[in-house]
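Peer 1: Everything below, folded, please.
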Amino acid sequence: WPTSSWPTSSWPTSSWPTSSLYSPHPPSPHTGYAVTLAQIALSTETDPSYRMLASVLTRQAIEGHWTVHSRWYHPDNTVLGKEDKATLRELLPVGLADDLPRIRGMTAAAIAIMASHDWPQDWPSVFDDLVGALASGEPKVVHGTLRCLEDFARTMKEDHMENAIPMLAEPLLAVFSNESGAYTARDQMRAIKIYSSCLATLFHVKRADPNAAVSILGDSLPHFIEGAHAVLSLPDSPEDDCGLKIEAIRLVNLVMLRYTTECAELVGPCLPLVWHSLESGTSPYTAALQDGLPPPPRDSDGNVMGFEHQLCSLFEAVNIMASRETFRPALESSLSDLVSIIIVYAQLTDAQLSVWEDDPIQFVEDEDEMSVKRHSVRLAAVDLLAELLLESQTGEAFCMQVVLSLARAAAAHLATADELDAAGQADNAWRLREAVFYVMGRSSPELLALLASGDLDFDIGGFLEHVLLPVLQTTDNPYLLGRALWLASLFAHAVP
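Peer 2: Predicted coordinates for the structure are as follows:
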């Protein structure tokens, strides 16, 4: 990338742009407007706050004026001229090596926007230049390039993959494996994320020509899966940034979902590690029900990839395993443990209770199974159970085993709740009972269907009399009381 274009002089205040930073339709720039902004952004002699403002405005100008197909293009806007575009293509790559991470980030985003419109017809060298920068080994350059490729890879088409994957695989793997120790966990995360984006796009090639897809991948996928296995083998640390492990899980999920036949043996060694993470996560999650998990660190963009995000990725992995006949046997022998784990993760946290108390509408949203405004570990866990009970996805025999496992796990957790009460841990006891009632209620159609067919040995009358009725008579906890009433209403008509 050229360095001769790097600005060396500071810029007077009279040349600062006056357009609104947050306008959804940036004003039509005069010739040189975007170039001037880029020069300010890249001037190392300019105050960093002005540089960051200029970098935002540069990206905004490019988003709204690069082509008529730009994201924020408006009919009142003018498209940047050829001379300005050529200057920006030459100037902006310098910013990928800037000392300021935010400048690198904004520059990377701007280049990705430009490349998504211009490559390969109008900017044929950009991809080769990015690959070269990625292979340079310079941490700042690699960081900026990864930021750019993260956005750019999402816009690539399937006909690009024949060249893109072979060229990207080696330098991305070098960052992901990080043998030199020069890269951060976020750099490693972005490397695997870029590869996963390409792998997802390649799936469209695979559907038309499986042999071509296998040829394009070469030996890159085994190396990335090996790296994912190494990441999954690391101990979980809920207080740390979990982004790298989340992306490793997502890569395994993608391979299980889209490349089941070709790569079943390849991801097999990763599945016990997925299970171990899900199982071992119950301890820190339970310990944090009242005090909450410590907030994970944020990256330079303010993004957080915490322990809760990791748990949701693990739930997705289990769901994929259940939906694929190839992997389903690995779950069948552990269904009782799996349902028991789901109940643990379905317990209410103080953070969730605080949200409900501040915003009762959110309680309504969370209780609505069809709502799109619901997100928590509890809901993700119960949604996983609902997916396991879909006969169309997992088969009748598997669903029956899930229901039987639920009956056993519910009985075991209710016994544990009694022990917690006896030990003076009433707060833990009510949360566990409420979680059992919630899971049973969400699964009530399947429970009652098996009960009616005689395949489930469950004394529903005894459950109502000896479990629900005492709760209704003695508890003063509104959440447990409401859940018990709800469950009783679902089961009452089935009492002989």
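Peer 1: Would you indicate which residues of the longest helix along the chain are buried?
Peer 2: Ranked by number of residues, the top helix in the chain under DSSP state H is helix 396-422. Buried residues in helix 396-422, defined by neighbour count with 16 or more other Cβ atoms under 10 Å: 398-407, 409-410, 413-414, 416-417, 420. Where you see a C-beta, it was placed from the backbone N, CA and C, and this is true even at glycine.
Peer 1: and the helix or strand of the chain with the lowest mean pLDDT, C-alpha only, in CSV?
Peer 2: Least confident element among the helices and strands of the chain, by mean pLDDT, DSSP states H and E: helix 391-394 (a mean of 80). Presented in CSV, the C-alpha positions along helix 391-394 are these (Å, rounded to 0.1, in the frame of the first residue of the first chain):
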residue,chain,number,x,y,z
GLU,A,391,-41.0,-34.2,15.6
SER,A,392,-40.4,-32.8,12.1
GLN,A,393,-36.9,-31.9,13.0
THR,A,394,-35.8,-34.7,15.4
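Peer 1: Residues in contact with it: which ones?
Peer 2: The contact list for helix 391-394 (Cβ atoms under 8 Å, 6 or more residues apart in numbering) reads 322-323, 328, 387-388, 399, 402.
Peer 1: so what's P222 closest to, chain neighbours aside?
Peer 2: L266 (6.1 Å; Cβ to Cβ, 6 or more residues apart in numbering).
Peer 1: What's the mean pLDDT across stretch 119-138?
Peer 2: Stretch 119-138 shows a mean pLDDT of 96.
Peer 1: how far does it sit from the chain's center?
Peer 2: Centroid separation for stretch 119-138 versus its chain: 27 Å, with Cα atoms, centre = their mean, to the nearest Å.
Peer 1: Kindly report the same for stretch 218-230.
Peer 2: With Cα atoms, centre = their mean, you get 20 Å for stretch 218-230.
Peer 1: in which helix or strand would I find the closest residue to G227 other than its chain neighbours?
Peer 2: Leaving aside its sequence neighbours, G227 sits nearest to F176 (Cβ to Cβ, 6+ apart; 5.2 Å). F176 belongs to helix 161-177 when assigned by DSSP states H and E.
Peer 1: Convert the helix or strand just after that helix to PDB, retaining C-alpha atoms only.
Peer 2: Where DSSP H and E defines the elements, the next helix or strand beyond helix 161-177 is helix 185-208. Taking C-alpha atoms only, helix 185-208 is exported to PDB below (Å, rounded to 0.1, in the frame of the first residue of the first chain):
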ATOM      1  CA  ALA A 185      -7.800 -12.500  20.700                       C
ATOM      2  CA  ARG A 186     -10.000 -10.100  18.700                       C
ATOM      3  CA  ASP A 187      -7.700 -10.400  15.700                       C
ATOM      4  CA  GLN A 188      -7.900 -14.100  16.000                       C
ATOM      5  CA  MET A 189     -11.700 -13.900  16.300                       C
ATOM      6  CA  ARG A 190     -11.900 -11.800  13.100                       C
ATOM      7  CA  ALA A 191      -9.700 -14.200  11.200                       C
ATOM      8  CA  ILE A 192     -12.000 -17.100  11.900                       C
ATOM      9  CA  LYS A 193     -15.100 -14.900  11.300                       C
ATOM     10  CA  ILE A 194     -13.800 -13.900   7.800                       C
ATOM     11  CA  TYR A 195     -13.100 -17.600   7.000                       C
ATOM     12  CA  SER A 196     -16.600 -18.600   8.200                       C
ATOM     13  CA  SER A 197     -18.200 -15.900   6.000                       C
ATOM     14  CA  CYS A 198     -16.400 -17.300   3.000                       C
ATOM     15  CA  LEU A 199     -17.400 -20.800   4.000                       C
ATOM     16  CA  ALA A 200     -21.100 -19.800   4.300                       C
ATOM     17  CA  THR A 201     -20.900 -18.300   0.800                       C
ATOM     18  CA  LEU A 202     -19.200 -21.400  -0.600                       C
ATOM     19  CA  PHE A 203     -22.200 -23.400   0.500                       C
ATOM     20  CA  HIS A 204     -24.100 -22.000  -2.500                       C
ATOM     21  CA  VAL A 205     -21.400 -23.400  -4.800                       C
ATOM     22  CA  LYS A 206     -21.500 -26.800  -2.900                       C
ATOM     23  CA  ARG A 207     -25.200 -27.100  -3.600                       C
ATOM     24  CA  ALA A 208     -24.500 -26.800  -7.400                       C
END
